[in-house]
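Q: After the sequence you'll find the predicted model.
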Amino acid sequence: DVKVTQSSRYLVKRTGEKVFLECVQDMDHENMFWYRQDPGLGLRLIYFSYDVKMKEKGDIPEGYSVSREKKERFSLILESASTNQTSMYLCASNDYRLAYEQYFGPGTRLTVT
Amino acid sequence: GESVGLHLPTLSVQEGDNSIINCAYSNSASDYFIWYKQESGKGPQFIIDIRSNMDKRQGQRVTVLLNKTVKHLSLQIAATQPGDSAVYFCAETRDNQGGKLIFGQGTELSVKP
């Protein structure tokens, strides 16, 4: 069974703090994704990584950066958190050479006060 | 995609009835479609998929129908159970997208006992 884990289920941070969200997958998948999910807006892609140290901007990359130093780990960084980054953050992975299905972690609900 | 705005489309059904959840996808060139289920507090989970060269695919209690003429996808759930209460998302992709998915905004299914 594919397992995608995220470092925290709930986080509360203050405006201006640097925030790290960590994601780990155990299936040797090439691709990893970070999404944010807001009510009524569905899943919006923030960043995508198709290999170690490789990344591609998604639809809403502003205010975020990412790091992928190892294949199994993909980090989302909020350099200076703002209240409009309060959201649910979902990490996913897949190996598109086998299947397009993405496997999701449980999500991190981030509140920025 | 589906409705734009802050409110998810909702569908309320009686336990035991059949449910039909609809999705209007955006790209006539999409090759592959997935339905996901997201229960409260969890990440999305794969339900069923279909390629664009098919019109119908059946799983356990679920059927996906694809109408390429009108770019419409539907998920039918037979004998809906309380455990089916969740938000359902459709997603689409093309073979040249490297595994990225485009998600619809979701429909909330509520099952009344």
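A: Right, received. Where do you want to start? Numbers count the residues shown, from 1 in each chain, chains lettered A, B, ... in the order given.
Q: what's the burial count for whatever residue of chain A ends up closest to chain B?
A: Among residues of chain A, the one nearest chain B by CB to the nearest CB turns out to be A:Y96. It sits 2.9 Å away. Backbone N, C-alpha and C define where each C-beta goes, glycine included. Residue neighbour count, defined by other CB atoms under 10 Å in any protein chain shown, stands at 19 for A:Y96.
Q: do A:F104 as well
A: There are 24 residues near A:F104, going by other CB under 10 Å.
Q: show me what contacts the nearest residue to it once chain neighbours are set aside?
A: Take A:F104 and drop its neighbours on the chain: the residue closest to it by CB to CB, 6 or more residues apart in numbering or on different chains is B:G43, 3.4 Å away. B:G43 makes contact with A:4, A:90, A:92, A:104-107, according to CB atoms under 8 Å, 6 or more residues apart in numbering or on different chains.
Q: For the residues you listed, which two are the farthest from each other?
A: Between all members of the contacts of B:G43, the longest pairwise span (CB to CB) is found for A:A92 and A:P106 and amounts to 11.3 Å.
Q: So for the two, which sits in the more crowded spot?
A: In this view A:A92 and A:P106 are compared by other CB under 10 Å, and A:A92 has more residues nearby, 26 against 15.
Q: Quickly list what the more buried one is bridged to.
A: Residues found in beta-bridge contact with A:A92 (criterion: DSSP bridges) are A:F33, A:F104.
Q: So it is in contact with A:T5, correct?
A: No: with contact defined as CB atoms under 8 Å, A:A92 does not count as touching A:T5 (11.9 Å).
Q: what residues do those two have in common as contacts?
A: Shared contacts of A:A92 and A:T5 (CB under 8 Å, 6+ apart): A:G105.
Q: For chain A, what's its nearest residue on chain B.
A: B:G99 (2.9 Å).
Q: tally of neighbours for that residue?
A: B:G99 has 24 neighbours, counted by other CB under 10 Å.
Q: Ok, B:N22 next?
A: By the criterion of other CB under 10 Å, B:N22 has 16 neighbours.
Q: One more: A:D28?
A: Residues lying near A:D28 (other CB under 10 Å) number 10.
Q: Excluding chain neighbours, give the residue nearest to it in space.
A: Nearest one to A:D28, counting by CB to CB, 6+ apart, is A:K71 at 6.8 Å.
Q: can you pull the contacts of that neighbour?
A: The neighbours of A:K71, taking CB under 8 Å, 6+ apart as the test, are A:28-30, A:51-52.
Q: Among the residues you listed, which one has the most neighbours?
A: Among those, A:H29 has the most neighbours (other CB under 10 Å), with 22 neighbours.
Q: Surely that one touches A:D95?
A: Yes: taking CB under 8 Å as the contact criterion, A:H29 and A:D95 are neighbours in contact, 4.7 Å apart.
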